[in-house]
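Enquirer: here is the input, now give the coordinates:
(one chain, ligands or ions: 1)
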Amino acid sequence: MTFTATNNPSPSTVAVIGVGYVGLTTAACLAHLGNRVLAVDVDAAKVERMAQGIPPILEAGLGDLMREGIHSGRLSFTTDSEAASSAADFVFLCVPTPQGADGAADLRFVEQASAQIAPHLKPGAVVVTKSTVPVGSAGKVVAALGRSDTAVVSNPEFLREGNAVHDWLHPDRVVIGSEDRTAGERLARLYEPLGAPIIITDPASSETIKYACNAFLAAKVSFVNAIAKLCSAVGADSVDVIRGMSYDRRIGADHLAPGPGWGGSCFPKDTSALIRIAEDHDYDFALLREVVAANQAQFDFVAEQVRRAAGGDLEGATVAAWGLTFKAGTDDLRDSPALSVIQRIRAQGATVQAFDPTRPAGSNGHLAGLGVQLFEDPYGCCDGASALVVLTEWPEFRGYDLSRAASVMTRRAVVDTRNMLQPAVARAAGLTYVGMGRT
Ligand code: UDX
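Expert: Take a look at the predicted model:
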C-alpha cells in the first residue's frame with residue numbers, strides 16, 4: 001500500500017532540531033506521512049531559504065517533498081526551538097555529533113539541544129535521538145533533559161547520502177531503542193505507514209546496531225579494495241571476480257565496488273567512534289582498526305598508481321582529477337577520499353587540475369589549503385596533464401570524449417579508481433589504462 005498523508009489515522013506534532021541532511025529528510029518525510037512538523041535550525045538564513053522550499057543540500061526528491069509539506073501547511077521552518085518543542089509530541093534530535101580529536105563522538109550539540117528544549121517539553125513528550133551517538137548516550141540525554149515526565153528513545157538513521165529520501169521512505173528496517181516500552185511503541189506508530197520491519201530494543205543495542213552496520217559496510221568496501229589488488233597480483237579481472245561474488249545472496253552486490261577508499265561524513269567518524277567505544281570498554285577492536293588502516297593505505301596506493309602513470313615523478317607534473325565529492329549523487333566533500341588522494345599527490349609536488357559535476361566553489365572549506373585548481377569542464381582540466389585520475393563515480397564520466405581529453409595531455413594515462421571506464425575505449429583513445437584489478 002502506498003501511503004498518502006490524508007489517510008494518516010492519527011497525525012502527530014513533531015519538532016526536528018537540527019536541519020542537516022538527516023534532519024531535513026526526516027522533517028520532510030514525516031510531513032509527507034501526514035504529521036505536523038516544525039523544523040528548527042540555528043541558521044536563520046538557511047531557515048529562510050528552506051521556508052521557500054529551497055533545499056540546502058543535493059538530495060533527489062527532497063525539494064519536492066519540502067514544497068509538498070510547506071504548501072499543505074504541515075511543514076514549517078523556524079529558529080525558535082522553544083515554540084517548536086512546546087507543541088511537540090515527539091522531538092527528533094538531528095544535530096551533528098562530530099568526531100572529537102580523540103576519535104570519540106562529540107555530544108556537545110546533543111546535550112546543548114536537550115538542555116534548550118527541556119523546560120518547554122510537554123509532559124509525556126518523546127525525545128528521539130536520531131543523531132549517531134555513542135553507545136550509552138541515552139543516559140546523557142536523560143541527564144541533560146533533567147525531566148522525569150518525558151522519555152528518551154534512540155532511533156538511528158541508515159540514510160545513504162544521495163539516496164536519503166528513498167532510504168527514509170523505504171527503510172530495510174526501523175530501529176528503536178527505549179527503556180520505556182510505551183514510548184518505543186508510540187514512536188513505532190509514527191513509522192507504521194512505511195510498512196517496514198520495526199525492531200524495538202534497548203538503547204544500547206539500538207546505538208550499537210548503527211555503528212555495527214557502518215563498520216561492517218566499511219569493512220566490506222576495504223575488503224573489496226584488497227580483492228582488487230589481489231586480482232592485479234594474480235592476473236584476475238576484478239570486475240568478473242566481484243560479479244561472481246555478488247550473486248552469493250550472503251554477500252550481495254552493494255558496497256562491493258572498488259574505489260579510492262571510503263569516506264564521507266559517516267564511515268570515518270563512526271569507525272573511529274566504535275574503535276574508541278570498544279577501547280573505553282576494554283575491548284581492542286583490532287579487526288576494525290585494520291579496516292581503518294587499510295583505508296588509509298588505499299589512499300596511498302592510489303596516489304602511487306598516479307605517480308607511476310605520470311611517469312614516476314610528480315614533482316612539477318600536472319595531474320587532472322575527475323570527481324571531488326566523496327561519492328556520486330551528492331555534493332558533499334566532507335572526508336572525501338578524492339581529497340585524501342589529491343592531498344598525497346599535491347604533497348609530491350604536482351599541480352592538480354580538477355573537475356566535478358557539482359562545481360564546488362573554490363572557497364569551499366574542504367578545498368581550502370589543498371591548492372586544487374577547479375575547472376568548469378572535464379577537458380580543460382586535462383590540459384598539460386601527465387595523468388588523469390577518476391576519483392568519483394559520476395555516471396556522466398562514461399560519456400566524456402577520452403580522445404579529446406588525451407589530445408591535450410602531455411602523457412596519456414588514466415587511473416580509473418572506480419573501474420568506471422571501459423579499458424578498450426580508453427586504449428582506443430590513446431590512453432594507457434590503469435584500473436583497480438582490471439586485466
Ligand atoms: C553510509 C551508510 O551507507 C548509511 O547507511 C549511513 O546511515 C551513513 O553512512 P554514506 O556515508 O552516505 O552512507 O555513504 P555510502 O554510500 O555508504 O558510501 C560510503 C563510502 O564508501 C563512500 O566514500 C563511497 O564512495 C564508498 N563506497 C561505497 C565504495 O568505495 N564502494 C562501494 O561499493 C560503496
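
Enquirer: quick check: residues of the stretch 101-250 of the chain near the ligand?
Expert: By CB under 6 Å from any ligand atom, the residues of the stretch 101-250 of the chain that approach the ligand are Glu157, Phe158, Leu159, Arg160, Glu161, Asn214, Leu217, Val221. All C-beta spots, glycine's among them, are computed from the backbone N, C-alpha and C.

Enquirer: just give the nearest non-adjacent residue to the third one, would you?
Expert: If I follow you right, that is Leu159. Residue nearest to Leu159 in three dimensions, not counting chain neighbours: Asp167, with 4.6 Å by CB to CB, 6 or more residues apart in numbering.

Enquirer: ok, which stretches of the protein are strands?
Expert: Secondary structure of the chain by DSSP state E: the strands cover 13-17, 36-40, 75-78, 90-93, 126-129, 151-154, 174-177, 198-201, 318-322, 351-355, 372-374, 387-390, 413-416, 432-434.

Enquirer: what sits up against the second one?
Expert: Right, strand 36-40. With contact meaning CB atoms under 8 Å, 6 or more residues apart in numbering, strand 36-40 is reached by 11-19, 23-24, 27-28, 30-31, 50, 69, 74-81, 83-85, 87-88.

Enquirer: those residues in helices, which ones?
Expert: When DSSP state H is applied, those are split such that 23-24, 27-28, 30-31, 50, 69, 81, 83-85, 87 fall in helices.

Enquirer: coming back round to it: which of the contacts of strand 36-40 are buried?
Expert: 11-19, 23-24, 27-28, 30-31, 50, 69, 74-78, 81, 84-85, 87-88 (16 or more other CB atoms under 10 Å).

Enquirer: want to throw the ones in helices among the contacts of strand 36-40 into CSV with pLDDT?
Expert: Shown next, in CSV, are those (pLDDT from 0 to 100):
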residue, pLDDT
Gly23, 97
Leu24, 98
Ala27, 98
Ala28, 98
Leu30, 98
Ala31, 98
Met50, 97
Gly69, 98
Ser81, 95
Ala83, 95
Ala84, 97
Ser85, 97
Ala87, 94
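
Enquirer: quick check, nearest of the residues you listed to the ligand?
Expert: Gly23 (13.4 Å; CB to the nearest ligand atom).

Enquirer: was I right about the closest one contacting Ala84?
Expert: No - here Gly23 lies out of contact with Ala84, judged by CB atoms under 8 Å, at a distance of 12.0 Å.

Enquirer: between the two, what contacts are shared?
Expert: Joint contacts of Gly23 and Ala84 (CB under 8 Å, 6+ apart) are Ile17, Ala39.

Enquirer: for Gln112, see how far away the residue nearest to Val37 when sequence neighbours are not counted is.
Expert: Spatial nearest neighbour of Val37, excluding adjacent residues (CB to CB, 6+ apart): Ala31 at 4.4 Å. For Ala31, the distance to Gln112 equals 25 Å [CB to CB, to the nearest Å].

Enquirer: please name the residues that touch Gln343.
Expert: Neighbour list for Gln343: Leu370 [criterion: CB under 8 Å, 6+ apart].

Enquirer: and it, what's its pLDDT?
Expert: If you check Gln343, the pLDDT there is 98.

Enquirer: does Ala60 touch Asp167 like I think?
Expert: No - in this structure, Ala60 is not within contact of Asp167 by CB under 8 Å, at 10.7 Å.

Enquirer: who has more neighbours, those two?
Expert: Legend: neighbour count by other CB atoms under 10 Å for Ala60 and Asp167, higher for Asp167 (17 against 13).

Enquirer: export the worst-scoring helix or strand of the chain on mean pLDDT as PDB, just CAs?
Expert: Least confident helix or strand, the chain: helix 137-145 with a mean of 92, by mean pLDDT, DSSP states H and E. What follows is helix 137-145 as a C-alpha-only set of coordinates in PDB (Å, rounded to 0.1, in the frame of the first residue of the first chain):
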ATOM      1  CA  SER A 137      24.400   8.200  25.300                       C
ATOM      2  CA  ALA A 138      20.700   7.900  26.000                       C
ATOM      3  CA  GLY A 139      21.500   8.300  29.700                       C
ATOM      4  CA  LYS A 140      23.400  11.500  29.000                       C
ATOM      5  CA  VAL A 141      20.400  12.900  27.100                       C
ATOM      6  CA  VAL A 142      18.100  12.000  30.000                       C
ATOM      7  CA  ALA A 143      20.500  13.800  32.400                       C
ATOM      8  CA  ALA A 144      20.700  16.800  30.100                       C
ATOM      9  CA  LEU A 145      16.900  17.000  30.000                       C
END
